[in-house]
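Asker: model this:
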Amino acid sequence: MKNLLNFDILNFKDCEVFYHADLKNFSTFHIGGKAKYLFIVNSLDHLVLVCYICKVHNIKYKVIGYGSNLLFNDNGYNGAIIVNRASKILIRKNSAYVNSGTSLGGLINTLISHSLSGLENLSSIPSTIGGAITNNTGAFGREIKDLVEYVDCIRLSDFKKIRLSNTQCKFAYRNSIFKSGKYLILRVKLNLFKREKTEILADARDFTLKKFSSQPTNEYSAGSVFKRTLYSPARLIDELGLKGKAIGGAMVSNKHAGFIVNFNNARASEVKKLIHLIKREVKSKYNLLLFEEIEFVD
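Answerer: The predicted structure is shown next:
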């Protein structure tokens, strides 16, 4: 039975509405219960509209991209999950103006076709540009913050459109001002640089091969579980002999100790128990604290 609040009037090509949708289908972990409401939005106007409607009706909501850094609760989400697919790329000289729902892979391919370099180190990361900006995604020693000139966004306290400079975005390791949940990313301007197309493509392929050879890319996961600080969490976990350690359907990857994989219909509770065990063992052996990079969505 549908809820008293009927969102069906929004149900057309730029906004699809689902009730009691399985969240595991919107997470790279393939874990999670059902969302009371789930929206797939294909335009920035509808992205803002759905967020505004949720605020007016006092409905808890969260905007996501590909769910590659998230762990949804087993009990689901008693509110609205808004899947951002508002995709558009505009190239002007050495700059790209990119809507927040644009896939990172699609953007990189477009940049390569224009002989623009800078993002190829992020090849094969399942994310939207909005998610990459929020998490200040990086790989192989480079972070996306180094390419950002500004971010156009909505300040959710008053739904005013504002522009934040690179400095105002408060980028840090796997962090930014957007992690606060107080802003909705609309569009970002990236400054890139020209290179030979063949060179960029070769580097992109090289980064992809390195990722596939060292990480469990053929298994369900949410990427690196813990943040890297002065020490490598994967190295500590490996030294503790925890590769292959499993609780229920969740297991520390045998390929990369920094990943937890869903190898057998894992539940979020099992992932959390495994995280707790790892943190406890690292604290006991090394007197060091690990901090999660993945986000729990309850």
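Asker: the worst-scoring helix or strand of the chain on mean pLDDT: what's the following helix or strand?
Answerer: When the helices and strands of the chain are scored by mean pLDDT, DSSP states H and E, strand 138-139 comes last with a mean of 88. Where DSSP states H and E defines the elements, the next helix or strand beyond strand 138-139 is strand 142-143.
Asker: strands paired with that next one, and their directions?
Answerer: Strand 142-143 has the following strand partners under DSSP bridges: strand 138-139 (antiparallel).
Asker: contacts for the partner strand next, please.
Answerer: By Cβ atoms under 8 Å, 6 or more residues apart in numbering, the residues outside strand 138-139 that reach it are N121, L122, I125, I144, Y173, R174, F207, K211. Backbone N, C-alpha and C define where each C-beta goes, glycine included.
Asker: show me the contacts for the last one.
Answerer: The one in question is K211. S123, S124, I125, A139, T217.
Asker: let's go with 7 Å and repeat that
Answerer: Residues in contact with K211 (Cβ atoms under 7 Å, 6 or more residues apart in numbering) are S124, T217.
Asker: pretty sure it is in a helix, no?
Answerer: Yes - K211 forms part of a helix when assessed by DSSP: H, G, I helix; E, B strand; the rest coil.
Asker: distance check, it against L119.
Answerer: Using Cβ to Cβ, to the nearest Å, K211 is found at 14 Å from L119.
Asker: and what of the fourth one?
Answerer: Distance of I144 to L119, computed by Cβ to Cβ: 7 Å.
Asker: what's the residue nearest to L236 when sequence neighbours are not counted sitting at in phi/psi?
Answerer: Among residues not flanking L236 along the chain, V282 sits closest, at 5.3 Å (Cβ to Cβ, 6 or more residues apart in numbering). Per-residue torsions, V282: phi -70, psi -40 (degrees, to the nearest 10).
Asker: around V282, how many other residues sit close by?
Answerer: A count of nearby residues for V282, using other Cβ atoms under 10 Å, gives 21.
Asker: how near is it to L242?
Answerer: The gap separating V282 from L242 is 9 Å, by Cβ to Cβ.
Asker: repeat for K55
Answerer: Distance, K55 to L242, by Cβ to Cβ: 43 Å.
Asker: please identify which of the two sits among more neighbours.
Answerer: Between K55 and L242, L242 has the larger neighbour count (other Cβ under 10 Å), namely 17 against 14.
Asker: now for that one: which residues touch it?
Answerer: By Cβ under 7 Å, 6+ apart, the neighbours of L242 are V252, A257, I278, E281.
Asker: now, which of these lie within helices?
Answerer: Of the contacts of L242, the ones assigned to helices by DSSP state H are I278, E281.
Asker: taking the contacts of L242, tell me the two that lie furthest apart.
Answerer: Using Cβ to Cβ, these span at most 11.8 Å, a distance reached by A257 and E281.
Asker: got any ranges where the stretch 1-150 of the chain has weak pLDDT?
Answerer: Scanning the stretch 1-150 of the chain for pLDDT under 70 picks out the ranges 1-6, 8-12.
Asker: which residue is the nearest non-sequential neighbour of I177?
Answerer: In space, I177 is closest to K170, 4.3 Å off (Cβ to Cβ, 6+ apart).
Asker: just N84 next, same as before
Answerer: Distances taken as Cβ to Cβ, 6+ apart place G101 nearest to N84, at 4.0 Å, with adjacent residues excluded.
Asker: what number of residues lie near that neighbour?
Answerer: Neighbourhood size, G101 [other Cβ under 10 Å]: 26.
Asker: so who does it touch?
Answerer: Going by Cβ under 7 Å, 6+ apart, G101 touches G65, N84, R85, A86, S87, T128, G130.
Asker: what about it, which SS state?
Answerer: G101 is classified as coil under three-state DSSP.
Asker: how far away is it from F29?
Answerer: Going from G101 to F29 by Cβ to Cβ gives 20 Å.
Asker: give the next helix or strand downstream of the strand or helix carrying A21.
Answerer: Using DSSP H and E, A21 falls within strand 15-22. Following strand 15-22 in sequence order, the next helix or strand is strand 34-41 (DSSP H and E).
Asker: and the helices in this structure?
Answerer: Under DSSP H, the chain gives helices at 44-56, 104-113, 129-134, 197-214, 233-239, 268-286.
Asker: now what about the third one, what contacts it?
Answerer: With contact meaning Cβ under 7 Å, 6+ apart, helix 129-134 is reached by 65-66, 69, 84, 98, 100-102, 104, 107, 122, 144, 148, 151, 176, 178-179, 185, 188.
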